[in-house]
Structure formats: structure tokens, C-alpha cells
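Trainee: one predicted model, sequence on top.
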Amino acid sequence: MSLQARTERALEACHDALIVPERWPTALQHVADALAVSSCTFTPVDGDRGCVPFSTGHLEFVPLWCRNQSHAPCPFTGKALPSVSNYVLDDQFLNADDRKKLPYFHETAGPGNREWWAAGLFAIADRQWFLSVYRDRARGRFSNSEGRYLARVAPEFGRIWALAEKLEAQKVSSTLSFLDQMKCPALTIDSRGAVRKLNRLAESLLEKDLHLQHRRLWSNDPTSNRRIQLLVEAILATPPGITPSLNQVVINRANAPWLLIEAMPVTALGSDFFNEGRALLLLTDLTEPAASDARLLAIVFGLTPAEAKLAARIALGIGIDAAAAVLRIARETAKSQLKAVFFKTNVRSQPELLALLGRLRSTKRA
């Protein structure tokens, strides 16, 4: 038995959204309207939401849901599907007392007019997802017949999602190939911090100093490795499509030039909800002439902008008086900043600083 005509038209709108991702909220609202619900979205069964599209009717509910999740958690998140069917109704998890007692219904579902929930199950690779639908109190609870129909609709999204992921994989691959041509090593990491794809130049950088460990980027140098893991943590803690506050780090390699690793959201390249990567990591050899000494010094040693500018002048081999004159600061100010530079770089004199900075600026390619 075929799906209802209105549902078929809504699914066609979702296929159109594969080409124009901005249409996803409207397309999903067509699905919600066809199913006689207030709004809908996708929910992974394991609770790790990542970046998913919402119907237009759900957009106002999402901030309330997110704001209250820590103290009034959604009772459906991370729940195992009952074995009786490939759909689930909230009544299978909750009773009347739960609705009276749980903070979620008083602080989120009630104020957000999303009192009733149901979902149909579909699979993408080895991961299970719900097509989650929400209904307000006036429309009433979901019936088993509605659940069975939802179970017929949900697998359609498994097929749509699989196609979307193929399209996004092609976009990411094309981007990495282009960066190869631009002589830029690059790789992508996913929502779990694992490396998904590397271009040829990035693969050539993987050696004993920098390598993959359990599919995560890893450095043998403890300080450098800590920086890499902090960068990955910052990426994963930042909403998809947004540049993290910590978006670049420098790693040291024993017998090769130091590398600057910069994070760029995959969505900044035009990908949408279904991209296979969370962020693009660009790897830059610090001996490249385009690198800014002051910027790199600030990153490597944690210097303030003023301290980094002074240290960069010292790295040119000029004295503190000349550096102060060029920067138009008082000599005492320069001396104070230089003391801070000495402390942060763990050196005791200008010659030691010059030698240390010289290593950064003159390390040759391996």
C-alpha cells in the first residue's frame, strides 16, 4: 500500500532539499503537516544529536529544549526501542504520573506546546535514528495506527540520508583534492574527533612524530599532543558550522619543521547537515614565508599581541632600543614586555631568545 499523496509530496520536497539545503526546515514542516503533527526532526537513538535539521515549526522549540536539557532532560533521549515494533510512542515509556512529576513536561514540553512525542525508526549504516514527531496538547496523544504509519514513512529518510551522505562525501573529497593542488595538507575529523579523510599531502606528513592513533591525530611530543587534543575538544564543543574559539595550534616535530594546525568548519565549505566531517584541519609548515612571525610566536609561546610583536623584532636581530623605537613604545615598556617574553619562553637572555626564535624561523623542510 503506497503512502498518502500528501506524504509523497512532502518527501519530494525533502529530495529537493538535498540540492538546496536551506529548504530543509520547510521540507520537514511539509512532512510534519502531512503527519498531522506540530513539528519534526531527526534524533539518533544513542542520543548524540550532532547537527540535524529541524522543521520550521520546531525551530522555536529547540532553544528551550537545549536550555533545559541539563536540569530537565528529555525522557526520550538515548532510550532503547521497544522490541515490539519499529515505531515508538511516548506512552510506551511514560505513564500519567511521569507526566506530572518529570521537570521536562513542566519546563519544556508544556511551555513549548510539544506535550506528545512519537518516532519511527530508520537505519543509516550501523547507526539507528528516529524520525521524531511532536504534537501539542490540543491535538492529543498518538495512536498505534499513527505509529504504524510513521514506521512506514521513517525508512524513506534512511534512503534520503544515504543519498545525502554520498553527495556530501563527494564535496569533501573534491575540497581535499583541490587543497592538494594548492599544496595544502588537509584532513577532516568527524563528530567523535576521528580522522575521516586525508588528502595526499596530509598522508605524507604522518610519520613517527605525527600519526593516527585509534583514528585520532596524535603527536609523540606530550606538549604538542595536548594542544592537538585541546583543539579537537574545542571543535567538538562548538556547534557545527561555527569556528571554535581555539582554532589553531602549533605542534613541534623533532626532525622536521613545526606545523600550524588550523580548524575550519566543514559547513563553511558549503556542506549541510549530512556532511561526513565536523571540521577541516589545515596543516601549514611554519617555515613557509607567508606565515606571520608575530602571529606564530603568539600561538607557540602564548604571548600577548604586544609581546609577540616585540619578540618578532628581536628575532630579526635588532636590539631592544631599536625594537622599542620601531614599535613606538617606551624603553621601560619594552623591557617589561621582554621580561614577560623571557618567562613564557623559558629563556634568560636575548641571545637565548634569538636562538630559540631562530629555530622556529629557520627550520628546514625534512
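Mentor: Alright, I've got the coordinates. Numbers count the residues shown, from 1 in each chain.

Trainee: wait, is residue 32 part of a helix?
Mentor: Yes - judged by DSSP: H, G, I helix; E, B strand; the rest coil, residue 32 forms part of a helix.

Trainee: quick check, pLDDT for it.
Mentor: Reported pLDDT at residue 32 in the predicted model: 96.

Trainee: next, count neighbours for it.
Mentor: Applying other Cβ atoms under 10 Å, we find 23 residues neighbouring residue 32. C-betas here are computed from N, CA, C, even on glycine.

Trainee: residue contacts, it?
Mentor: By Cβ atoms under 8 Å, 6 or more residues apart in numbering, the contact list for residue 32 reads 38, 39, 40, 55, 57, 58, 133.

Trainee: how close does the first one sit to residue 31?
Mentor: The spacing between residue 38 and residue 31, counted by Cβ to Cβ, to the nearest Å, is 12 Å.

Trainee: biggest helix in this protein by residues?
Mentor: Counting residues, the longest helix found in the chain (DSSP state H) is helix 144-181.

Trainee: show me what that one is packed against.
Mentor: helix 5-19, strand 87-89, strand 116-124, strand 127-135, strand 186-189, strand 195-198, helix 200-205 (3 or more Cβ pairs under 8 Å, 6 or more residues apart in numbering; DSSP states H and E).

Trainee: distance between the second one and the chain's centre?
Mentor: When you say that, I think you mean strand 87-89. Relative to the chain's own centre, strand 87-89 is displaced by 30 Å; criterion: Cα atoms, centre = their mean, to the nearest Å.

Trainee: cool, and stretch 312-324?
Mentor: With Cα atoms, centre = their mean, you get 41 Å for stretch 312-324.

Trainee: can you check stretch 126-134 too?
Mentor: With Cα atoms, centre = their mean, you get 20 Å for stretch 126-134.

Trainee: now stretch 185-198 - C-alpha only, PDB.
Mentor: Extracted C-alpha coordinates of stretch 185-198, given in PDB (Å, rounded to 0.1, in the frame of the first residue of the first chain):
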ATOM      1  CA  PRO A 185      47.900  19.300   3.600                       C
ATOM      2  CA  ALA A 186      44.400  18.900   5.000                       C
ATOM      3  CA  LEU A 187      42.200  16.300   6.700                       C
ATOM      4  CA  THR A 188      38.700  16.100   8.100                       C
ATOM      5  CA  ILE A 189      37.500  14.900  11.500                       C
ATOM      6  CA  ASP A 190      34.100  13.800  12.400                       C
ATOM      7  CA  SER A 191      31.700  14.500  15.400                       C
ATOM      8  CA  ARG A 192      33.700  12.000  17.500                       C
ATOM      9  CA  GLY A 193      37.100  13.500  16.800                       C
ATOM     10  CA  ALA A 194      38.200  10.700  14.500                       C
ATOM     11  CA  VAL A 195      40.000  11.500  11.200                       C
ATOM     12  CA  ARG A 196      37.700  10.600   8.300                       C
ATOM     13  CA  LYS A 197      39.700  11.700   5.200                       C
ATOM     14  CA  LEU A 198      43.100  13.000   4.400                       C
END
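
Trainee: can you give me the buried ones in it?
Mentor: By 16 or more other Cβ atoms under 10 Å, the buried positions in stretch 185-198 come out as 185-191, 193-198.

Trainee: export these to JSON lines and append columns for distance to residue 45.
Mentor: JSON lines is the format used below for these (distance: Cβ to Cβ, whole Å):
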{"residue": "185", "distance to residue 45": "36"}
{"residue": "186", "distance to residue 45": "32"}
{"residue": "187", "distance to residue 45": "29"}
{"residue": "188", "distance to residue 45": "25"}
{"residue": "189", "distance to residue 45": "23"}
{"residue": "190", "distance to residue 45": "18"}
{"residue": "191", "distance to residue 45": "15"}
{"residue": "193", "distance to residue 45": "21"}
{"residue": "194", "distance to residue 45": "20"}
{"residue": "195", "distance to residue 45": "25"}
{"residue": "196", "distance to residue 45": "22"}
{"residue": "197", "distance to residue 45": "26"}
{"residue": "198", "distance to residue 45": "30"}
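
Trainee: so what's the residue nearest to residue 344 when sequence neighbours are not counted up against?
Mentor: Using Cβ to Cβ, 6 or more residues apart in numbering and skipping the chain neighbours, the partner closest in space to residue 344 is residue 301 (5.0 Å). Contact analysis of residue 301 by Cβ under 8 Å, 6+ apart lists 308, 311, 341, 344, 345.

Trainee: which element is residue 323 on?
Mentor: Secondary structure from DSSP states H and E places residue 323 in helix 320-327.

Trainee: how about that helix as PDB, C-alpha atoms only?
Mentor: Output of helix 320-327 as PDB, limited to C-alpha atoms (Å, rounded to 0.1, in the frame of the first residue of the first chain):
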ATOM      1  CA  ILE A 320      65.700  46.300  22.400                       C
ATOM      2  CA  ASP A 321      66.200  50.100  21.900                       C
ATOM      3  CA  ALA A 322      65.700  49.700  18.100                       C
ATOM      4  CA  ALA A 323      62.700  47.500  18.600                       C
ATOM      5  CA  ALA A 324      61.100  50.000  21.100                       C
ATOM      6  CA  ALA A 325      61.700  52.800  18.600                       C
ATOM      7  CA  VAL A 326      60.100  50.800  15.700                       C
ATOM      8  CA  LEU A 327      57.100  49.900  17.800                       C
END
